[in-house]
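Asks: 3D, please:
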Amino acid sequence: MIQIPQDKIAQELRGATKLSYALGIVTREGKLIDGGIYGEENSKIPVENRFFEIGSTTKTFTSLLLVQLALEGVLDLDEPIVSFKPEYRNALTYQGKEVTFRHLATHTSRLPREDIKVIRKIMKEDKENKKNVYHHYTKEHFHNFYLEHDLKKEIGKKWGYSNIGFGLLGRVLSEIVGMDYEDAIKTHILNPLDMHDTFVTPEQSQVERYIQAYNKKGDKFPPLGFGSIHGAGALRSTISDMMIYLEHQMGLRESSLTEAITRTHQDQNVEIMKNMRMGLSWFIEQKKELKYPIIHHGGTTFGFHTYCGFIKELQIGVIMFSTIQLKAWRIIKMLLNLANGVNEDVALSVFKQYSEKKISLTNDMRMLS
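Replies: Below is the predicted model:
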């Protein structure tokens, strides 16, 4: 099958404080899992059933809800958001052009990455807020941003990553279906995909499976909370559930969402950089060493990092969670697309192996049927 790139894992996770990680590989031949949890070498709970924060990988669930509602005729991808939020017209209109669902899902709305002024204010009010800033960013903050923001850039011309934009997308979709974000995703996405270990807020029975993340000093990070922009990054999940998600993405499973999933992978004619373009939330990247493009998304919260990617033509996918701490220089390089995302090099090694048909299997991995 595949040899886990232990050298790449060691290199990626070097220097981590109180490390936990989990790696899942999905192919048409079967599934593989590797990983370990800090301080729980004798835990009775398998690593694949432990909860990690998946951060911005949440956006792929939000865009899937968008496309499914479009297929059901509830909305149109090119419909202006002001049709549903007329009070936000000034924030969503530039020179007569209006931000649409498609603009939000492809990061071409020209909205800023964050409501940075309020975020900074929240962090200054109490240093502890830095550990959970989105928990303190309320619905009122969010609403006021869109009431007061004046869009000053041409919509649809350039790509610019926007958490505040995806927060709006999640909010509007939730209001359309008459549920909060978590219930909307559970009802319309997770249940049809048979994913029952993915959520925003854990039930009491799930709390013991939650992974603890730490800062560089070894102090605990609190579980990340969201006061308003859930659609941008609020979900938590397990390797097992995310491998089910990958199976659906690659066509190894079918559901009522199969057509919608396929449409989220379609090139939206939005160039991010050379060899990287946008689907609906998904990044479509052509690596020079690979024949086929990788469709992927990452996620970073305070202490947690996710990579979720697959090559559809080869039917191989990789999901990796880790709790490493990043230095400022790497964060900056990642934001500028000058460095691979966290866990990405491990995934690339797996993709390269599989594309070259290197099929050895290590003894320290577990193969699942």
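
Asks: remind me which residues of the stretch 51-200 of the chain are low pLDDT?
Replies: By pLDDT under 70, the stretch 51-200 of the chain contains no weakly predicted segment.

Asks: the helices in the stretch 251-369 of the chain, which residues?
Replies: Using DSSP state H, counting those that start in this stretch, the helices found in the stretch 251-369 of the chain span residues 258-264, 328-335, 344-355.

Asks: of the ones you listed, which approaches S63 most closely?
Replies: S63 sits nearest to helix 258-264 of all the helices of the stretch 251-369 of the chain, at 5.4 Å, using Cβ to Cβ. For every residue, glycine as well, the C-beta is placed using N, CA and C.

Asks: before we move on, the earlier item: from the helices of the stretch 251-369 of the chain, which stretch is densest packed?
Replies: Stretch with highest mean neighbour count among the helices of the stretch 251-369 of the chain: helix 344-355 (a mean of 21; mean count of other Cβ atoms under 10 Å).

Asks: got the CA coordinates for that helix in CSV?
Replies: Extracted in CSV, the C-alpha atoms of helix 344-355 (Å, rounded to 0.1, in the frame of the first residue of the first chain):
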residue,chain,number,x,y,z
GLU,A,344,1.4,19.7,3.9
ASP,A,345,4.9,18.3,3.2
VAL,A,346,3.8,15.0,4.8
ALA,A,347,0.8,14.8,2.5
LEU,A,348,3.0,15.6,-0.5
SER,A,349,5.3,12.8,0.3
VAL,A,350,2.4,10.4,0.4
PHE,A,351,0.9,11.7,-2.8
LYS,A,352,4.3,11.3,-4.6
GLN,A,353,4.7,7.8,-3.3
TYR,A,354,1.3,6.7,-4.5
SER,A,355,1.6,8.4,-7.9
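
Asks: pLDDT on that helix, on average?
Replies: For helix 344-355, mean pLDDT is 86.

Asks: that one packs against which elements?
Replies: With contacts taken as 3 or more Cβ pairs under 8 Å, 6 or more residues apart in numbering; DSSP states H and E, helix 344-355 sits against helix 6-13, strand 21-27, strand 294-300, strand 305-311, strand 316-322.

Asks: give me the angle between the third one and strand 316-322.
Replies: What it means is strand 294-300. For strand 294-300 against strand 316-322, the angle by axes from the mean of the first three to the mean of the last three Cα atoms, to 10 degrees is 10 degrees.

Asks: neighbouring strands - and their directions - for strand 294-300?
Replies: strand 283-285 (antiparallel), strand 305-311 (antiparallel) (DSSP bridges).

Asks: redo the ones you listed as JSON lines? Include mean pLDDT.
Replies: Shown next, in JSON lines, are those (pLDDT from 0 to 100):
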{"stretch": "strand 283-285", "mean pLDDT": "97"}
{"stretch": "strand 305-311", "mean pLDDT": "95"}
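
Asks: quick one: pLDDT of M334?
Replies: The model reports M334 with a pLDDT of 46.

Asks: give me the three-state assignment for the spatially most central residue of the chain.
Replies: Nearest to the mean C-alpha position of the chain, by Cα atoms, centre = their mean, lies T57 at 0.7 Å. Secondary structure, DSSP: H, G, I helix; E, B strand; the rest coil: T57 is helix.

Asks: what number of residues lie near S240?
Replies: The number of residues packed near S240 is 21, by other Cβ atoms under 10 Å.
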